[in-house]
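Colleague: just a sequence and a predicted model for now, questions to come.
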Amino acid sequence: MQCLVMSDIHANLAALEAVLDDAPDFDELWCLGDLVGYGPRPNECIERVRTLPHTSLAGNHDRAALGNLRLSSFNPVARRANEWTQQELTARARTYLNGLPSSLQRGDFCLAHGSPREPVWEYITDTGVACANFEHFSTPVCLVGHTHVPVVFRLDKESARCRAEVPPLAEPIQLGPDRVIINPGSVGQPRDGDPRASYAVLDTEAKTWEFRRVSYAVEITQERMRAEGLPRYLIQRLQAGR
């Protein structure tokens, strides 16, 4: 099966459409959470994903938009954006988000928004946290989002240590025999210094993974955010990919 893997769309419709236009043919979309939050088009992004054969998870911003997480847990700009999102969501969008799991397993793949140990909130930002999380899933591969940074954490069986690998672009990675945790990066708000939308293509039969980036009209999303009165910091960071 050919899977389009994405995470952290964050209500950025322009970025989502650019990814869908750029992606090769796929059988199913796997979304690793945070469909909403930060960006100006939460309902439209949810509806666009729903038009596709897909599996989606709930991220921390999705939960916050439903009032299922205390907004005091977020920094001030994220809190303000979440308050706006709560007011904007339609009843249909709320029902959809409320039905999303925080983690699941699809064949040889564990899917979680943050980490398999703590699916909603934990950030896998370094090899120490990654190593600790290998004990919390049994599949060869775990796919996560949340950090907005594309990366591969590979476990060495003999040393029980893992290393972080900078992912190559447009160059398929062969999965196996090592166990790995992979983050496809963020569609709607990249934070690795590259403002282009980040996503991946997975072949579940050939066991190959390909990181991909695509440019989108950042200024369109920024203008929509200004029109909605969203925080200036969130608008500016899209241009820098930080």
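Modeller: Structure's in. What do you need? Numbers count the residues shown, from 1 in each chain.
Colleague: give me the number of residues near residue 224?
Modeller: By the measure other Cβ atoms under 10 Å, the count of residues near residue 224 is 18. Where C-beta positions appear, they are placed from N, C-alpha and C, glycine not excepted.
Colleague: so it: helix, strand or coil?
Modeller: helix (DSSP: H, G, I helix; E, B strand; the rest coil).
Colleague: tell me who's in contact with it.
Modeller: Remark: with contacts taken as Cβ atoms under 8 Å, 6 or more residues apart in numbering, residue 224 is in contact with 40-41.
Colleague: got a list of what the residue lying closest to residue 2 once chain neighbours are set aside touches?
Modeller: Using Cβ to Cβ, 6 or more residues apart in numbering and skipping residues adjacent in sequence, the residue nearest residue 2 is residue 26, 4.6 Å away. Contacts for residue 26 were tallied using Cβ under 8 Å, 6+ apart; they are 2-4, 201.
Colleague: buried members of those residues into PyMOL, please.
Modeller: The PyMOL command for the buried members of these (criterion: 16 or more other Cβ atoms under 10 Å) is given here:
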select buried, resi 3+4+201
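Colleague: I'd guessed residue 69 sits against residue 63; true?
Modeller: Yes: Residue 69 lies in contact with residue 63 (Cβ atoms under 8 Å); the separation is 4.6 Å.
Colleague: output the lowest mean pLDDT helix or strand found in this structure.
Modeller: Every helix and strand in the chain was compared by mean pLDDT, DSSP states H and E; the lowest is strand 161-165, with a mean of 90.
Colleague: next secondary structure element downstream of that one?
Modeller: Downstream of strand 161-165, the next assigned helix or strand under DSSP states H and E is strand 173-174.
Colleague: check for me that the residue nearest to residue 2 belongs to a helix.
Modeller: No: looking at residue 26 with three-state DSSP, it is coil, so not inside a helix.
Colleague: still on that earlier bit, tabulate the contacts of residue 26 (CSV), appending pLDDT, distance to residue 192 and secondary structure.
Modeller: Shown next, in CSV, are these (pLDDT from 0 to 100; distance: Cβ to Cβ, whole Å; DSSP: H, G, I helix; E, B strand; the rest coil):
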residue, pLDDT, distance to residue 192, secondary structure
2, 97, 25, strand
3, 98, 22, strand
4, 98, 20, strand
201, 97, 19, strand
